[in-house]
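A.B. asks: Based on what follows, work out the 3D shape:
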Amino acid sequence: RRRAVQARPAGPGAATSAELAHRARSQAGSLALMIATGIGLHNFAEGLAIGNSAAQGELSLAVLLIIGFGLHNATEGFGIVAPLAAEGERPSWPTLLLLGLIGGGPTFLGTIVGQHLVNDTLSIAFLGLAAGSILFVVIELLAVARRSGPKALTTWCILLGLLLGFATDAVVTAAGA
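C.D. replies: Purely as a prediction, here's the structure:
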C-alpha cells in the first residue's frame, strides 16, 4: 500500500522554518539597516533646511546647501555598509539599493516638506531628531571600528573628520549661510 504524499500548502503563513531561517537578516545586516535609518532621519532634516531656504526665497543658500549636503552625503554609503564589510558579507544589489533609498531618500522628502511647511518649532524638533540619529550612527560605527580595525587609525580618522567638518562649516559661514 502506497502512502499518499501530502502537498505542501501554499500562500501566506505557509513558509517552513528552514525558509524563515534562510531569510533571517544577519546581525551585521540589521546594524546596516539601523544605520541607514539613522542617516535617513538625519538626511530628512537636511532636506528640511534646503526646502525652508527655497521657501524663504534664499535660492543661493538652497543651492549651497544642496552642494554641501551632496558632497558629504556621497560618503555615507561607506558608513552604511561598514558593518557588512567588517563581517565579510557581500550584499546583493537590491539590498544596496534598498539601503541607499532608506539613507538618501528622506533628503528629497524633507526638501518637499520643508518647502511647504515653514515652522520654527517643527524645524527645531526635526534638527533635534537629526542630531540624535547621527549621534546613534556615529556610536555604532565606532563600535564596529573598535572591533575590526586598529584603534590608532580610528582615532586619527575621527580627528580628520572633525577637522573637515569644522572646515566645511567655516566655508559655509564665509559664504553667508
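
A.B. asks: okay, CA-based contacts and neighbour counts for the rest of this
C.D. replies: Fine.

A.B. asks: All the helices of this protein, residue numbers only.
C.D. replies: With DSSP state H as the criterion, the chain has helices at 17-23, 27-55, 59-73, 76-86, 93-116, 120-148, 151-174.

A.B. asks: Just name the most buried of these.
C.D. replies: Stretch with highest mean neighbour count among the helices of the chain: helix 27-55 (a mean of 24; mean count of other Cα atoms under 10 Å).

A.B. asks: That one: how far from the chain's middle?
C.D. replies: 5 Å (Cα atoms, centre = their mean, to the nearest Å).

A.B. asks: okay, the angle between that helix and helix 120-148?
C.D. replies: 150 degrees (axes from the mean of the first three to the mean of the last three Cα atoms, to 10 degrees).

A.B. asks: ok, back up a step: turn the helices of the chain into TSV, columns for mean pLDDT.
C.D. replies: Formatted as TSV, the helices of the chain follow (pLDDT from 0 to 100):
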stretch	mean pLDDT
helix 17-23	50
helix 27-55	87
helix 59-73	77
helix 76-86	86
helix 93-116	91
helix 120-148	76
helix 151-174	85
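
A.B. asks: Please tell me how far Thr107 sits from Ser133.
C.D. replies: 14 Å (Cα to Cα, to the nearest Å).

A.B. asks: I misspoke; the intended subject was Arg147.
C.D. replies: 22 Å.

A.B. asks: likewise Gly105?
C.D. replies: On the measure of Cα to Cα, Gly105 and Ser133 end up 15 Å apart.

A.B. asks: for Pro83, same thing?
C.D. replies: 17 Å.

A.B. asks: Same question for Ile158.
C.D. replies: 18 Å.

A.B. asks: With only the CA atoms kept, save stretch 142-158 in PDB.
C.D. replies: C-alpha atoms of stretch 142-158 as PDB (Å, rounded to 0.1, in the frame of the first residue of the first chain):
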ATOM      1  CA  LEU A 142      32.800  53.500  16.400                       C
ATOM      2  CA  ALA A 143      31.800  50.100  17.900                       C
ATOM      3  CA  VAL A 144      32.400  48.400  14.500                       C
ATOM      4  CA  ALA A 145      35.700  50.300  14.100                       C
ATOM      5  CA  ARG A 146      36.900  49.200  17.500                       C
ATOM      6  CA  ARG A 147      36.200  45.600  16.800                       C
ATOM      7  CA  SER A 148      37.700  45.400  13.300                       C
ATOM      8  CA  GLY A 149      40.500  48.000  13.000                       C
ATOM      9  CA  PRO A 150      43.500  49.500  14.600                       C
ATOM     10  CA  LYS A 151      42.500  51.900  17.300                       C
ATOM     11  CA  ALA A 152      45.100  54.500  16.400                       C
ATOM     12  CA  LEU A 153      43.800  54.600  12.800                       C
ATOM     13  CA  THR A 154      40.300  55.000  14.000                       C
ATOM     14  CA  THR A 155      41.300  57.900  16.300                       C
ATOM     15  CA  TRP A 156      43.200  59.700  13.600                       C
ATOM     16  CA  CYS A 157      40.300  59.300  11.200                       C
ATOM     17  CA  ILE A 158      37.900  60.700  13.800                       C
END
